[in-house]
Every structure is written in structure tokens, then in C-alpha cells.
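Student: Using only what follows, build the 3D model:
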Amino acid sequence: MTDGGQPAVLVTHPGRQHSHQAAVGLARAGMLAGYWAGVPAVAAQAARVPVGLRRRFARYAPVDLPAQRVRWFPVTPGLRRLGDALLPARGAARVDFWACRLFDRWAAGALPAAKARAVIACEISALDTFRAAKRLGMTAILDAPSLHHAAQDRLHGTTDRPALHRRIVAVKEAEIALADHVLTVSELARQTYLDAGVPAARVHAVALGADLALFAPEEEEEEEEGKGGFTFLFAGATIHRKGFDLLLAAFERVAAAAPDVRLRVVGPRGDAAPLLARYLRARAPIEVAGPTDQPGLAAELRRAGCLVLPSRNDSYAMVVPEALASGVPVLVSAMVGAKELVREGESGWIVPAGEVAPLAERMLWCARHRAELRGMRAACRRAAAAATWEAYHERLAALVRGLV
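Tutor: Numbers count the residues shown, from 1 in each chain. Purely as a prediction, here's the structure:
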């Protein structure tokens with residue numbers, strides 16, 4: 001127990017994702033035993049990063065947590081960096097897997113010192129931690145940021161080598177079996193665990209949040225209809241899983257019918273990026289900006305007319321509440337977890353996953369009805385109001401308090 005009598009919970013993660021927000025929420029509720037991560041979380045840790053590596057960690061802002069409850073395992077990001085720099089994609093994936101497994105073993109070995117009642121550990125890096133937790137009588141809670149692996153395989157398969165994929169699946173299955181509870185980030189993701197046979201009482205959806213102070217529309221005069229063209233924004237990795245190939249095919253149809261539209265692509269290069277070459281050679285109105293930080297993404301959203309995310313599989317997609325908070329309507333597929341925030345025709349639209357024609361049809365409608373999209377800004381902001389990080393903190397703390 002913590003000093004305030006609340007159950008003490010440890011949060012572990014080999015990287016960051018939303019784990020730091022879970023730790024902040026538990027800390028504010030007086031329930032945090034510790035936060036152990038693979039990247040620096042507090043300023044004192046960031047100061048110990050070698051100068052040559054600081055650019056890699058610059059995107060990880062310090063977290064408002066008590067420094068004495070935060071630990072850092074730098075071996076994991078170090079291995080990942082070496083794999084990305086020295087190996088082809090399949091080799092880097094293998095290194096990434098072993099980096100997560102090494103983090104798991106480190107956390108499991110240190111678990112007795114945490115003096116916690118429960119541990120929240122991320123998939124692929126939870127197996128040994130959960131085994132240790134069971135020996136210590138702790139509640140094991142699996143942080144499942146993705147859909148169930150069976151759903152992922154069904155929807156889009158894997159690019160991993162078969163032997164590595166079997167190892168990953170075996171680890172995930174063992175973690176699910178050991179977990180007392182599974183935390184997903186959306187009802188969409190939760191349903192995939194239920195479909196795989198995990199009892200409903202063990203699977204819980206806690207939707208993520210957005211920084212509504214950072215992601216906010218600019219105060220500006222209303223534009224005249226048709227002035228300055230129209231920008232569709234895609235923010236994310238250019239991968240098949242996020243439907244980037246579908247978006248390119250749909251945008252080709254839209255650009256042929258609405259000459260003043262453009263597609264702006266913001267995010268890291270992925271497995272569908274080579275498809276861009278043909279469109280760029282044909283001088284398609286596509287701008288490729290590359291990765292950006294959170295303030296940069298906020299600026300991109302403020303300049304966009306519509307966010308488009310036609311994913312084949314996206315357990316949540318944080319860019320959706322970020323776009324809504326910025327007053328930008330969203331066009332997402334039915335396989336995006338954050339579709340729960342979308343009210344059809346008010347804050348955006350939901351189209352079937354994996355299909356080009358409905359996506360192109362709705363994009364063309366947006367390009368031809370720009371005044372209507374600008375009129376949706378207030379509804380977008382209202383849709384994002386329930387998706388703050390503060391709301392997430394409260395939902396998570398209340399749930400975990402009831403589980404432990």
C-alpha cells in the first residue's frame with residue numbers, strides 16, 4: 001500500500017507510448033509505486049544521456065513524476081538504435097523483440113524492490129514480470145496497446161520472419177494467460193480480445209487522451225470559400241496497416257476531380273512509402289514532410305482541412321482526438337479505435353476499412369463542401385472534450401483501484 005492507504009501500482013514499459021500518462025494518473029491518485037521505462041522520464045535521467053544520443057531522445061519530454069519512483073533501463077533503446085542503424089528491417093525487428101525481452105527480465109529481477117500490490121506491464125515485455133508478480137502475490141495487469149494478435153494477423157498479416165512471429169505470438173499468449181486483467185485502449189480493441197476467447201470480466205477498455213491546450217484551433221478570420229486550396233492531412237507512419245496505399249489510390253481520384261486539393265503526409269517512412277514515387281513522378285499534389293514533434297503536429301493540424309486515416313487496424317490513433325481538439329474534422333475507417341469520438345456528419349465520418357471507393361467519395365465531398373467543414377469546428381472541439389489526459393487519468397485510476 002502507498003502512504004495514503006491506496007494500492008501501490010508499478011508501471012513498466014520498454015519505451016513510452018502512453019505508459020507515462022498511466023503513471024501520472026496513478027501518481028495523482030496516490031497509487032504509484034514506481035515507473036520503470038526504457039527511455040528517460042525525468043530531467044535527471046535525460047541529463048545522463050550521452051551527447052551523441054540526445055537527439056534521439058529529444059521527443060521524450062520530462063514527465064511530472066517523483067524522481068525517486070522512476071527507473072530507467074537504457075540498454076533497451078540502445079539495442080533498438082543499433083538494430084535500426086545496422087540491420088535491414090527484418091533483422092531490426094528481431095533485435096527489437098529481444099530488446100523488449102531483456103527489459104522484461106530486468107524488471108522481473110527488480111520487482112521485489114518495488115513493494116507494489118500490482119504491476120501494469122506492456123505486451124512482449126511482461127512475461128517474466130508477470131511470473132515474478134505471481135510469486136510475489138501481485139496483481140498482473142497487461143497493457144495491450146494493439147488489437148489481439150489473432151485479429152492483427154487476420155486483418156493484415158505480418159512482415160516478420162515466420163520463426164520470429166511464432167516467438168512473438170507465444171510470448172503474447174503466455175502473457176494473456178498469466179494476466180489477471182488486460183487493459184485495451186478502445187472498445188474496438190477490447191472486442192478483439194473477447195473474440196479470441198478472453199473472458200469479458202478480465203478485459204477493460206480505457207480510452208486515451210489528448211493535450212487540448214496544445215491542440216487548439218487558431219483564432220482567425222473566416223476564409224472565403226475556395227480560397228487557398230484544400231489540404232487533406234495524413235499523420236502517421238506510411239504503412240499498409242494505416243491504409244496509406246488506400247489513401248494514395250483514393251486521393252488520385254479526388255485530385256483528378258478537384259484540381260486545387262493537396263495531400264500532406266506527416267510521419268515516419270514505412271512499408272508503403274515506395275508507392276509514393278509513382279505519384280510524385282506524375283507531379284501529384286502531394287507534400288511529404290516527414291516526422292515531427294507534438295508542437296509541429298499541432299501546427300500541421302491547424303493548417304489542415306480534414307484529417308484522413310483509413311487504417312486497416314488502429315487500436316486507438318491518438319491523432320484523431322488531437323485533430324478534433326484542433327477543430328479539424330476527421331475521416332477514419334471503421335477499424336480505428338478512436339472512431340468512438342466521431343459523430344457522423346458532425347465531427348467527421350467513418351468509412352469501411354480496406355475500400356478505396358467510399359474513401360474517395362467522402363474525400364471528394366469534403367473538397368467540394370469546404371464551408372460545411374469549417375462549420376464543423378465547434379462540434380469537433382466538443383467531441384474532443386471528453387478525451388483529455390486528465391479524464392484518462394481519472395478513468396484509469398478508478399478502474400485500477402477496483403481491480404487491485
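Student: Was I right to think residue 129 contacts residue 111?
Tutor: Yes: Residue 129 lies in contact with residue 111 (Cβ atoms under 8 Å); the separation is 6.4 Å. For every residue, glycine as well, the C-beta is placed using N, CA and C.
Student: Which one of the two is surrounded by more residues?
Tutor: Taking neighbours as other Cβ atoms under 10 Å, residue 129 and residue 111 compare with residue 129 leading, 30 against 25.
Student: circling back to that earlier point, name the residues contacting each of residue 129 and residue 111.
Tutor: residue 119 (Cβ atoms under 8 Å, 6 or more residues apart in numbering).
Student: Which parts of the stretch 301-404 of the chain are strands?
Tutor: 306-309, 330-333, 348-351 (DSSP state E, counting those that start in this stretch).
Student: Render the CA-only coordinates of the last one in CSV, please.
Tutor: By that I understand strand 348-351. Provided in CSV are the C-alpha atoms of strand 348-351 (Å, rounded to 0.1, in the frame of the first residue of the first chain):
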residue,chain,number,x,y,z
GLY,A,348,-16.3,13.6,-39.1
TRP,A,349,-17.1,10.4,-41.0
ILE,A,350,-16.4,6.7,-40.7
VAL,A,351,-15.9,4.6,-43.9
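Student: Could I get the strands of the stretch 301-404 of the chain in JSON lines, plus columns for mean neighbour count?
Tutor: Output for the strands of the stretch 301-404 of the chain, formatted as JSON lines (neighbours: other Cβ atoms under 10 Å):
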{"stretch": "strand 306-309", "mean neighbour count": "26"}
{"stretch": "strand 330-333", "mean neighbour count": "26"}
{"stretch": "strand 348-351", "mean neighbour count": "23"}
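Student: Just give the number of residues close to residue 131.
Tutor: 17.
Student: can you tell which of the strands of the stretch 301-404 of the chain is closest to residue 158?
Tutor: The closest of the strands of the stretch 301-404 of the chain to residue 158 is strand 330-333. By Cβ to Cβ, the value is 19.6 Å.
Student: The closest one packs against which elements?
Tutor: strand 306-309, helix 319-325, strand 348-351, helix 356-368 (3 or more Cβ pairs under 8 Å, 6 or more residues apart in numbering; DSSP states H and E).
Student: tell me the mean pLDDT over that strand?
Tutor: For strand 330-333, mean pLDDT rounds to 98.
Student: Just the element for residue 111, please.
Tutor: Using DSSP states H and E, the element containing residue 111 is helix 89-114.
Student: Tell me the buried residues in stretch 272-283?
Tutor: 272, 273, 276, 279 (16 or more other Cβ atoms under 10 Å).
Student: What about those, which are in strands?
Tutor: The members of the buried residues of stretch 272-283 all map outside strands under DSSP state E.
Student: Quick check: the gap between residue 322 and residue 75.
Tutor: Distance of residue 322 to residue 75, computed by Cβ to Cβ, to the nearest Å: 32 Å.
Student: which of these two has more neighbours?
Tutor: residue 322 (26 against 14).
Student: ranges for the helices of the stretch 51-200 of the chain?
Tutor: 54-57, 75-86, 89-114, 127-136, 149-156, 162-178, 187-195 (DSSP state H, counting those that start in this stretch).
Student: In CSV: the buried residues of stretch 272-283, plus distance to residue 396.
Tutor: Formatted as CSV, the buried residues of stretch 272-283 follow (distance: Cβ to Cβ, whole Å):
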residue, distance to residue 396
272, 33
273, 35
276, 38
279, 42
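Student: Ignoring the adjacent residues along the chain, who's closest to residue 105?
Tutor: Nearest residue to residue 105 in three dimensions, chain neighbours excluded: residue 128, at 5.1 Å (Cβ to Cβ, 6 or more residues apart in numbering).
Student: these two touch, right, that neighbour and residue 104?
Tutor: Yes: between residue 128 and residue 104 there is a contact at 4.8 Å, judged by Cβ under 8 Å.
Student: Same drill for those two, tell me which one is more crowded.
Tutor: Set residue 128 next to residue 104 and count neighbours by other Cβ under 10 Å: residue 104 wins out with 26 against 22.
Student: quick one, what contacts the more buried one?
Tutor: Neighbour list for residue 104: 14, 121, 124, 125, 126, 127, 128, 129 [criterion: Cβ under 8 Å, 6+ apart].
Student: ok, the last one to residue 142 distance?
Tutor: This means residue 129. 10 Å.
Student: Now for these two: what residues contact both?
Tutor: residue 121.
Student: Of the buried residues of stretch 272-283, which is the nearest to residue 254?
Tutor: Taking the buried residues of stretch 272-283 together and measuring to residue 254 by Cβ to Cβ, the closest member is residue 279, at 12.4 Å.
Student: give the contact list for that closest one.
Tutor: If a contact means Cβ under 8 Å, 6+ apart, then residue 279 has 248, 252, 286 as its contacts.
Student: Isn't the second one up against residue 278?
Tutor: Just to be clear, that refers to residue 252. No: contact criterion Cβ under 8 Å: residue 252 and residue 278 do not qualify, at 9.6 Å.
Student: how far away is residue 71 from residue 372?
Tutor: Distance from residue 71 to residue 372, by Cβ to Cβ: 51 Å.
Student: Once you drop chain neighbours, what's closest to residue 348?
Tutor: Closest to residue 348 by Cβ to Cβ, 6+ apart is residue 330, at 3.8 Å.
Student: I appreciate the help and will end here.
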